[in-house]
Every structure is written in C-alpha cells, then in structure tokens.
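Novice: structure for this input, please:
(2 chains)
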Amino acid sequence: MKARIASLAPGLAFIAFWIGALEVAARNGWVNRVFSPFPSEIAARLGGVLGSPALLEALGSTVGLLAAGFGLACAAGVLLGLAMGYHRPTYALLEPTLELLRPIPKPALLPPLILLLGLGAPMKVAIVFLGAFFPVLINTIEGVRTVDPVLVDVARTFRRGKLATVFRVILPASLPMILAGMRVSLGLGLILVTLAEMLTGIHGLGAQLVDAQRAFRVQDMYAWTVVLASLGLALALSFDALERRLIFWSSRR
Amino acid sequence: MAELLEIERVAKTFGAVEPVAALRSVDLAVAKGEFVSIVGPSGCGKSTLLQIIAGLIPASAGEVRLSGRVVREPPEGVVYLFQQYSRSLFPWLTVAENVRFGLRHSAQDRCRELLQMVGLADFSARYPWELSGGMQQRVSIARALAAEPSVLLLDEPFSSVDALTRLELHGLILDLWGKTGLTILLVTHDVEEAVYLSDRIALLTRRPAEVAEVFANALPRPRRPVESREDARFLALRHELLTRLLQPA
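Specialist: Below you'll find the model as predicted:
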C-alpha cells in the first residue's frame, strides 16, 4: 500500500501543480475570468451541486440508462458472439451485416432514434446499446476463436456436449477478451448517454451540464463536468475490480 | 486373445493442395489390460496416430475399432491425456473442480478418492497454476480416471517434467494400471520409458509412418525404478530399439 502511494505521488503532484497554476492564472487575469473561473470557485460550486437533490436525480437517471443499455449490450454481444465465434454458418450469415453497421459513428444514429423512439428513456437506452454492443460482440468472437484448441479437445475427449463445451470451456476461456471488449463498451456507453442527454436536455448529468452552459452558469457547468469525470473514473475503477475478481487466473497461467 | 483396440491400415495425409503424408499405413492391435508403447523418430506422426485413435481427428484411410465398433468421434471409455498439462487443465477451476469435470456424475467422494490416488488430497482447493508441473500432470491423470475409462491414451505425458518427477509419475501410472485393469497406449520418444513401462513396444518408421516391428517385452513385473533398469532384458531391448531408431534413413 505504501509503495502504491509512493508510485502515485508524482502523478498526483503533477495534477495539483496544474490546478494551482490555473488558480494563479485566473486570479491574475491571465485567462478570461468569466469562462475560466478559479478552481477554488468551482470547488465551492461543486460542494453545492453535491448537496443538491438535482445530483441524485441526474446521477440516478444517467447511471440507470447506462446500466440498462450496457447490460443489454453485454448479454446480446456475448450470446451472439459465442454463436458467431463457434458456429461458422452463423458467422457467414451475419458477418457482412456486422461489418456494415459497425463503422457507423453511433452519434449519427441519434437523430433517427429520436424520430423513432422519442426523447425519453427508450431512445437513450437504445443508443447506449448500439454503441456498447459492437465491442463486446467483436471481442467475444475473437475470444472464442483464439481459445486454446487443447481445451476444446479436452472437452471432446470427455465427451461433453456442444452446449456444455460452449458454456463451461469456451466462455470462461474467452472471458479475458470479452471483458476487454466490455471495458471499451462501458466508456462508449457513458459518452453516448451523456450526448443523448445533452441533445434532449431533460434528465441526467448531460442535461444538467448543457443547462448550466446555456444559462451561463459557468461555474455550475464546470462542477457538473467534474461530476461526470468522477463518474467515469468510478466506473473504470469498479470495472477493474470486477475484472480482477472474474479473471483472477488469467495473468498467472 | 480378444483385441480391445484394433488399428487397421490407418493412414493420414494433411493438406489438400500440397498433401503431406504423416501416416502411411499403421496396423496394431491392443488387448484388454495391455500396456503398449509406440515409439518412433520425432515428427514421425506418433501423436497424430494417437489422436486418430482417440477420435479427435479423422483418419484419411483405414479404421480404428474399439471393441469392434469403428471410432469416428471420441468414444465412450477412451480418454486422451495431453502432453501439455498446463494447457489442458482449466485455470479458472480448482484442482477438485478440474477433476470433477471428468466425472460423469458430480460425486464429491469419488473426486476426493481420485485426488488421494494421485497423492494430491491436500491440494483440492488450489488452482492448477499454483502447482508444480509434476503435480499438474497428476491432476490431469486424476481427471482422466474420473471418466472411468477402459482405455487411456497417453501422449508423451512425462516429457515436460524433470527426470525425478518423471520416475515418480512412472510409478504412479504403473500403480494405477495395476489397480484398475486399464488398457494403456503410450506415445513416447523416450525408449527407456517405453521399455520400463510396457508389455509391448511398437516401433514406427520415419514419416510417413508404418509399424516397423512390434517388440514383446520380457522384463518381469513388478517393475522397480532402479533394479528393472539394470536388468539384462531391459538393457537388451533398449539396445535393440535405440539401434533401430538411430539407423540412418
């Protein structure tokens, strides 16, 4: 633990230096005071935001939509990925469609999704789903394909059926790749839910952020930015912890 | 003698465009309860032959019969033990869970019994990667026995452990073989190992392989790690096999 703190110290000092420099620059009028308030002012506003009921409402909304879209994308991506990775005909059938849909920048789908699903939760869950689905799918297919053939032969010599082979051997063996895909998806999901909230401007952290900006509450805007950044960090750290528990075996083979 | 395993004119060619012949035509019969080794120059297709017998890959020609039934996929009662124990054990499962994978019905008692047989009763909750190579191979042996096979196919199972561990594993395999009435087919490039363990030894030619000759082993049982290796019959057979293996093509 001590070593961990020691290794973090230079990086944290670097961040502290830049925050300090910004404070000094703002106080001396080297940067525009209106658009770049003092870090200390933002910190004070952040205190207000953290204490407000708006925070819980916005956080709950954003995290809920993200969880729904991300969860559905993981389930669908893994199941379809197992099928496409393991079963050649399924891959041959779906691969061209996949290659057609995958390169679409997902924000480009927001306007049609708004027309089709409206401005509410279903549209936001849908855009998170679409963004998060492909990395999980692609990594699952790749993970299944790169499973050590010896493990599959072990399942064969013990006469395990296809379903048991897929779920007891291939799925756990490809879990490291699958989780790497999910990590990318989680980041994309957060981007897309924020973007959707900014466009629709009703609920959620993205809406709060864009509201503050439009009302020229610049300090509030930065405070909400900090909240979003913290959410991103918290999600990434939680995912790390989950990954360490799920694939505790993968670095030690 | 009733033959349990019959290998008849088995041939294997890899690749369609530029075919490479691995096995020309292999004939071999193994009786129930026998311990037979297959030795041959490296790269002669020994492992390929064993995988065909296991039903893991198809033969290009000829057939393998187990109790008279043609083998087309991994048959009931035959377990293939892989050379690479570190790749064949599931790293996300504990030792006990790995062994239980071999069981047809998850019987906790049977799992404990098997781990005792291979001397790993105290390691059931460990993970394979926490164990030494020799111990990992013991886990895969226990897992193979969990399936209650009548035929055990061993693909150079002792080649990647140190010399002393290898001797211990030889003792373990002979012990289990004596207790269970298993039929064992062992592929190895180690002539001493083949002579020490088996009843008969099939010597393969260079690739594409055929059986050059099958040697009966007069070395008496029980085999003892030190004394048996000094026996004149051990030395004579070793001499014969090594001479044949080292002959220029």
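Novice: what is the burial count for the residue of the stretch 1-150 of chain A found nearest chain B?
Specialist: Closest residue of the stretch 1-150 of chain A to chain B, Cβ to the nearest Cβ: A:Val150 (4.4 Å). Where C-beta positions appear, they are placed from N, C-alpha and C, glycine not excepted. When counting by other Cβ atoms under 10 Å in any protein chain shown, one arrives at 15 neighbours for A:Val150.
Novice: just B:His189 next, same as before
Specialist: Counted by other Cβ under 10 Å, the residues lying close to B:His189 total 17.
Novice: tell me the phi and psi of it?
Specialist: Dihedral pair for B:His189: phi -110, psi 0, per degrees, to the nearest 10.
Novice: hmm, back to that, wait, is the residue of the stretch 1-150 of chain A closest to chain B part of a strand?
Specialist: No: under DSSP: H, G, I helix; E, B strand; the rest coil, A:Val150 sits outside any strand and is assigned helix.
Novice: from A:Trp224, how far out is it?
Specialist: Going from A:Val150 to A:Trp224 by Cβ to Cβ, to the nearest Å gives 52 Å.
Novice: likewise B:Leu23?
Specialist: As for B:Leu23, its distance to A:Trp224 is 71 Å (criterion: Cβ to Cβ).
Novice: equivalent analysis for A:Thr97, please.
Specialist: Distance of A:Thr97 to A:Trp224, given as Cβ to Cβ: 38 Å.
Novice: in contact with the residue of the stretch 1-150 of chain A closest to chain B, which residues?
Specialist: Residues in contact with A:Val150, defined by Cβ atoms under 8 Å, 6 or more residues apart in numbering or on different chains, are B:Phe82, B:Gln84, B:Arg87, B:Ser88.
Novice: rebuild those residues as CSV, extending it with pLDDT, neighbour count and secondary structure.
Specialist: Formatted as CSV, those follow (pLDDT from 0 to 100; neighbours: other Cβ atoms under 10 Å in any protein chain shown; DSSP: H, G, I helix; E, B strand; the rest coil):
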residue, pLDDT, neighbour count, secondary structure
B:Phe82, 93, 23, coil
B:Gln84, 87, 17, coil
B:Arg87, 92, 15, helix
B:Ser88, 95, 24, helix
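Novice: chain A next: which of the residues you listed are close?
Specialist: Among these, proximity to chain A is found for B:Phe82, B:Gln84, B:Arg87, B:Ser88 (Cβ under 8 Å from any Cβ of the partner chain).
Novice: with these in mind, which one is nearest to B:Leu174?
Specialist: The nearest member of these to B:Leu174, counting by Cβ to Cβ, is B:Phe82 at 20.2 Å.
Novice: and for the closest one, nearest residue in space, chain neighbours not counted?
Specialist: Spatially, and ignoring its direct neighbours in sequence, B:Phe82 is nearest to B:Ser88 (4.0 Å; Cβ to Cβ, 6 or more residues apart in numbering or on different chains).
Novice: show me the contacts for the one you found.
Specialist: Neighbour list for B:Ser88: A:Val150, A:Leu151, A:Asp153, A:Val154, B:Phe82, B:Ser140 [criterion: Cβ under 8 Å, 6+ apart].
Novice: what of B:Glu168?
Specialist: So B:Glu168 contacts B:Gly134 (Cβ under 8 Å, 6+ apart).
Novice: which secondary structure state is assigned to it?
Specialist: helix.
Novice: check what pLDDT it gets.
Specialist: With respect to pLDDT, B:Glu168 has a value of 93.
Novice: contact partners for residue 157?
Specialist: No chain in the question, so chain A it is. The contact partners of A:Thr157, taken as Cβ under 8 Å, 6+ apart, are B:Ala54, B:Leu56, B:Pro74, B:Val78, B:Val79, B:Tyr80.
Novice: wait, chain B was what I had in mind.
Specialist: Taking Cβ under 8 Å, 6+ apart as the criterion, B:Pro157 is in contact with B:Leu81, B:Phe82, B:Gln83, B:Tyr85, B:Gln137, B:Ser140, B:Ile141, B:Leu169, B:Leu186.
Novice: surely it is in a helix?
Specialist: No: if the criterion is three-state DSSP, then B:Pro157 is coil and not within a helix.
Novice: care to break chain A down by domain?
Specialist: A:1-36, A:39-246 (automatic domain parsing).
Novice: quickly find the element holding the residue nearest the centre of chain B.
Specialist: Closest to where the C-alpha atoms of chain B average out (Cα atoms, centre = their mean) is B:Leu154, at 1.7 Å. B:Leu154 is part of strand B:151-155, with elements assigned from DSSP states H and E.
Novice: chain center to that strand, what's the gap?
Specialist: Mean-position distance between strand B:151-155 and its chain equals 3 Å (Cα atoms, centre = their mean, to the nearest Å).
Novice: what's in contact with that strand?
Specialist: Applying Cβ under 8 Å, 6+ apart, the external contacts of strand B:151-155 come out as B:4-5, B:47, B:50-51, B:53-54, B:66, B:77-83, B:144-145, B:173, B:182-188.
Novice: make it 6 Å
Specialist: By Cβ atoms under 6 Å, 6 or more residues apart in numbering or on different chains, the residues outside strand B:151-155 that reach it are B:47, B:50, B:54, B:78-81, B:83, B:182-187.
Novice: and the contacts of B:Pro157 as a markdown table, adding secondary structure?
Specialist: Output for the contacts of B:Pro157, formatted as a markdown table (three-state DSSP):
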| residue | secondary structure |
| --- | --- |
| B:Leu81 | strand |
| B:Phe82 | coil |
| B:Gln83 | coil |
| B:Tyr85 | helix |
| B:Gln137 | helix |
| B:Ser140 | helix |
| B:Ile141 | helix |
| B:Leu169 | helix |
| B:Leu186 | strand |
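Novice: of those residues, closest to B:Asp231?
Specialist: Among these, and counting by Cβ to Cβ, the member closest to B:Asp231 is B:Leu186, at 19.7 Å.
Novice: that closest one: what's it in contact with?
Specialist: Residues near B:Leu186 by Cβ under 6 Å, 6+ apart: B:Ser37, B:Leu154.
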